[in-house]
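Student: Give me the fold of what follows.
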Amino acid sequence: MVVFSYFPFDPRIRREAEALADEGYNIDILCLKGSHQNRIIHVHNMLEILIFTAIIPKIFGAKLILNLHDTSPEVYIAKYSVQYSHPIIKFMILIEKIFIKFADLITTPNKIELTPDCTKSKIVSCERRVIA
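Tutor: Residues are numbered from 1 along each chain as shown. You can find the predicted model right below:
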C-alpha cells in the first residue's frame, strides 16, 4: 500500500491493512506523509533498476547502497549463451554503469566480481566498493 497519510493513525488505512492481514496477505505500507527522512537506503538487485525507487530520498540527501548479488549481464550471458559483444549485453552493461554511478556505495558478495581496478568498466572507485 502506498499512502499519503499517517499510519497507523489513519483508521481507514489501518483497518484495510488489518483486514488484508487477517485474510492472510502480507502487507507493506509506504507512508509518504509524515515519514522520517531516510539517511541510508540499501537496495538489493536483481533488478538493479530498483536503485531508482530511491530517487526522491537521494534528492533530499539520502545515501544509496546498491548490493550487487549478481550482475545482470553475466547472468544473461550464462543463461542464454551469448557473447559480451552481443548488443543486448552491451546495452545491459551501459545501464549497469548508470545504476552504479547513481549509488553512493556498491557492495558485492565476493571478490570474483572485482578486477584490479575494482570494476571492469572502471566506473567505481575502490573507495565506493565493499565486499560484504
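Student: Pass me the low-pLDDT residue ranges in this protein, would you?
Tutor: 2, 4, 7, 30, 32-38, 110-132 (pLDDT under 70).
Student: what residues go with each domain of it?
Tutor: 1-35, 37-131 (automatic domain parsing).
Student: Tell me which of the ones you listed sits most buried.
Tutor: Most buried of those by mean neighbour count (mean count of other Cβ atoms under 10 Å) is domain 37-131; its value is a mean of 15. Quick note: C-beta positions are derived from backbone N, CA and C, even for glycine.
Student: Please compute how far that domain lies from its chain's middle.
Tutor: Remark: domain 37-131 is offset 9 Å from the chain centroid, using Cα atoms, centre = their mean, to the nearest Å.
Student: For the protein, just list every one of the helices.
Tutor: For the chain, the helices defined by DSSP state H occupy 11-22, 55-59, 72-80, 87-102.
Student: Who are the packing partners of the shortest one?
Tutor: Right, the one you point to is helix 55-59. Helices and strands touching helix 55-59, by 3 or more Cβ pairs under 8 Å, 6 or more residues apart in numbering; DSSP states H and E: there are none.
Student: now swap in the last one and tell me
Tutor: Using 3+ Cβ pairs under 8 Å, 6+ apart as the contact test, the elements touching helix 87-102 are strand 63-67, helix 72-80.
Student: isn't residue 54 right next to residue 42, touching?
Tutor: No. Judged on Cβ atoms under 8 Å, residue 54 makes no contact with residue 42 at a distance of 9.4 Å.
Student: got the contact list for the closest residue to residue 82 other than its chain neighbours?
Tutor: Using Cβ to Cβ, 6 or more residues apart in numbering and skipping the chain neighbours, the partner closest in space to residue 82 is residue 89 (6.2 Å). Listed by Cβ atoms under 8 Å, 6 or more residues apart in numbering, the contact set of residue 89 reads 73, 76-77, 82-83.
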